[in-house]
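S.K.: how would this look folded up:
(2 chains)
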Amino acid sequence: MPEENYPSNFIRNIIRQDVADGKNAGQVVTRFPPEPNGFLHIGHAKAICLSFGMAEEFAGNTYLRFDDTNPIKEDAEFMHAIQRDIAWLGFEWLEIRHASDYFEQLYQFAEQFIEQGKAYVDSCSADEMRTNRGTLTKPGIDSPYRNRSVDENLTLFRQMRAGEFADGEHILRLKIDMAAANINMRDPAIYRIRHVTHHQTGDAWCIYPLYDYTHCISDALEGITHSLCDLSFEAHRPLYDWILDELKMSCHPQQIEFSRLNLQFTVMSKRKLKQLVEENLVDGWDDPRLPTIAGLRRKGYTPDSIRDFCRRIGVTKSDNNVELASLESCIRDALGDTAPRVMGVLDPIKIIIDNYPQGQVEMLDVANHPKNEAMGKRAIHFTRELYIDREDFRESANRKYKRLVAGGEVRLRYGYVIRANEVIKDADDNIVTVHCTYDDATLGKNPVDRKVKGVIHWVSADYAHAAEIRLYQPLFKVDFPDTAEEDYHELINSDALTIKQGFVEHSLSTASSEDRFQFEREGYFCLDSKDSSPDALVFNRIVGLRDTWAKIEKKA
RNA sequence: UGGGGUGUCGCCAAGCGGUAAGGCACAAGGUUUUGAUCCUUGCAUGCGCAGGUUCGAAUCCUGCCACCCCAGCCA
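M.R.: Modelled structure (predicted):
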């Protein structure tokens, strides 16, 4: 992906200007701060490409910082998955940090706030606090505990830390302005009591700092220059700046917000993804139907294709609803030039070539790629009995249908022209076998006396391997389930996974799960990294080929 | 009805006072032993709406309208 192809965006422009102006000594330091409470998804990929990408472009660094301030929601298991996904996307962090690394410093700063009369221990209940906060249009009112003395606050806060109170009994708040138009400035809570074990700090703490307080200080301690986050934090920026200003931190990162990605036919909220996993509506966080990075990886997407997608969608502050077609275009682009071509039949019917000698096997030397000779050749088996796809045969059809029709001819890809003579059906009227004859003068050349318009793919019935082939459709039946009226459970597409029992050409028996193939005329496929084994092949369809025929058919 | 944002082609998105980039999608042709790829062409007298400033406005000003975010001891 050549750099000059990157479209500009407003954040890149800001950073470029800062660097040109010598701000922060011309350095760029960013951070990616996931909370370890779930897997990363394609929306995070956008943020990752931005934060890591900006540091990369301006020769800076990026910290991977786990935002682990809420132990009741988080789990160390997610940290490994997150690291794997970022590394897989191809980004390198300078260092891994945890917000919890700063717990002691954060605590000391809190005492400092208390000593300056800028923080106080409130002993209201959560309900009282909510009531006193006011509403969007009504100012809040001061807590009765707002004017406790510095000494009393310090004593209480130290007792909080010492574990002398139960959860919820007290809370530490910043003393800002209960009448502020921005609700986030109405004496925000910064420390709450939680008697729970933390996955990083164990039982060292029973008070935990909140996001608004933790994030800006963590950024400053790491020397972050540009703190990029999504638009939902925009209204928190005044608080971010207030805290760092009050603390007179020598480093004051610039927070810049951008809009999050909305992608068609999926959900992007961690809460919903977590539910889908926990309610077993999908097969884990890496289910190929999910928009998680792990899911896309398992489905067969390449890191490049995802980075290309993030480049194509851009970075702005406007709401966006990106079409799935845009993502699919990226993976087709990535695989078109690189994926070796092979043949596989998803829904087989048998072809018997009656005039082809019984027991004869011809090895056909075929190119692995139609344009790239460097990708070499392989041999495929041609035999008397073959499988073709059910879609590629009709007993009767109009002229537009270019495949095998009873009484008509079609080219077998890389092989001979065959003619369909007789259709054999089972008791339920399903086509089972088609008896054909072949023209032995048509290997590698066209018949001179007639035109054969169609080409279909096939595999040898004797040499092909049976394979389970998993086809994926969008997980949701509507464009944007997140904004739909109904409960999203109602909108789940029960046909999102279709399993086919098909056959793939012999050469695929040595495929590895890293390989990606184009099954000619079908789409791009790869081995399922979890469920496939050499004696029970399982393929995932990454994406279908662009299907002009389907459009023609639909119109008719 | 408080505060903060956003509105440029069906979708994404450049543009930042000099007369609407690009990608996706779509459409029409060409090449093709993948109805794929590739190639060519087309696709906003118009930039949420209405006024105004200017020789000139998507870009500046004014006023509307629509949509999004914020009232967790979540992040």
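
S.K.: Any idea how many residues pack against the closest residue to RNA strand B within the stretch 451-556 of chain A?
M.R.: As assessed by C-beta to the nearest atom of the strand, RNA strand B sits closest to residue A:548 within the stretch 451-556 of chain A, at 3.0 Å. Quick note: C-beta positions are derived from backbone N, CA and C, even for glycine. The local packing of residue A:548 (other C-beta atoms under 10 Å) involves 8 other residues.

S.K.: What does the pLDDT read for it?
M.R.: For residue A:548, the pLDDT comes out at 96.

S.K.: Spell out which residues of the stretch 351-500 of chain A are next to RNA strand B.
M.R.: Counting by C-beta under 7 Å from any atom of the strand, the stretch 351-500 of chain A comes close to RNA strand B at A:369-371, A:400-403, A:411, A:413-415, A:442-446, A:454-455.

S.K.: Give me the buried subset of the residues you listed.
M.R.: Among these, those that count as buried by neighbour count (16 or more other C-beta atoms under 10 Å) are A:369, A:401, A:402, A:403, A:411, A:413, A:414, A:415, A:442, A:455.

S.K.: residues in contact with the closest residue to the second one other than its chain neighbours?
M.R.: Meaning residue A:401. Using C-beta to C-beta, 6 or more residues apart in numbering and skipping the chain neighbours, the partner closest in space to residue A:401 is residue A:394 (6.2 Å). Contacts for residue A:394 (C-beta atoms under 8 Å, 6 or more residues apart in numbering) come out as A:401, A:403, A:404, A:405, A:406.

S.K.: ok, residue A:394 to residue A:457 distance?
M.R.: According to C-beta to C-beta, to the nearest Å, residue A:394 and residue A:457 sit 16 Å apart.

S.K.: just to revisit the earlier point, turn the contacts of residue A:394 into TSV, columns for secondary structure, pLDDT and distance to residue A:211.
M.R.: Formatted as TSV, these follow (DSSP: H, G, I helix; E, B strand; the rest coil; pLDDT from 0 to 100; distance: C-beta to C-beta, whole Å):
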residue	secondary structure	pLDDT	distance to residue A:211
A:401	coil	96	60
A:403	coil	97	59
A:404	strand	98	63
A:405	strand	97	65
A:406	coil	97	68
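
S.K.: Tell me the secondary structure at residue A:467.
M.R.: strand (DSSP: H, G, I helix; E, B strand; the rest coil).

S.K.: where's it relative to residue A:520, distance?
M.R.: 15 Å.

S.K.: More neighbours: which of these two?
M.R.: Ranked by neighbour count (other C-beta under 10 Å), residue A:467 and residue A:520 place residue A:467 first, with 23 against 19.

S.K.: List the residues that contact the more buried one.
M.R.: By C-beta under 8 Å, 6+ apart, the contact set of residue A:467 is A:344, A:501, A:502, A:503, A:504, A:508, A:537, A:538, A:539.

S.K.: Can you list the neighbours in contact with stretch A:360-377?
M.R.: Contacts of stretch A:360-377 (C-beta under 8 Å, 6+ apart): A:337, A:340-341, A:378-384, A:414-415, A:443, A:460, A:462-463.

S.K.: Which among the residues you listed count as buried?
M.R.: A:340, A:341, A:378, A:380, A:381, A:382, A:383, A:384, A:414, A:415, A:460, A:463.

S.K.: Against residue A:516, how distant is the second one?
M.R.: In this structure, residue A:341 and residue A:516 are 11 Å apart, going by C-beta to C-beta.

S.K.: helix, strand or coil for residue A:129?
M.R.: helix.

S.K.: distance of it from residue A:172?
M.R.: Taking C-beta to C-beta, one finds residue A:129 at 12 Å from residue A:172.

S.K.: So if I had to pick from the two, which one is more boxed in?
M.R.: Each of residue A:129 and residue A:172 had its neighbours counted (other C-beta under 10 Å), and the higher figure belongs to residue A:172 (26 against 17).

S.K.: And chain A, what are its domain boundaries?
M.R.: Domain assignment for chain A, taken from automatic domain parsing, gives A:3-101+A:214-329, A:103-212, A:344-457.
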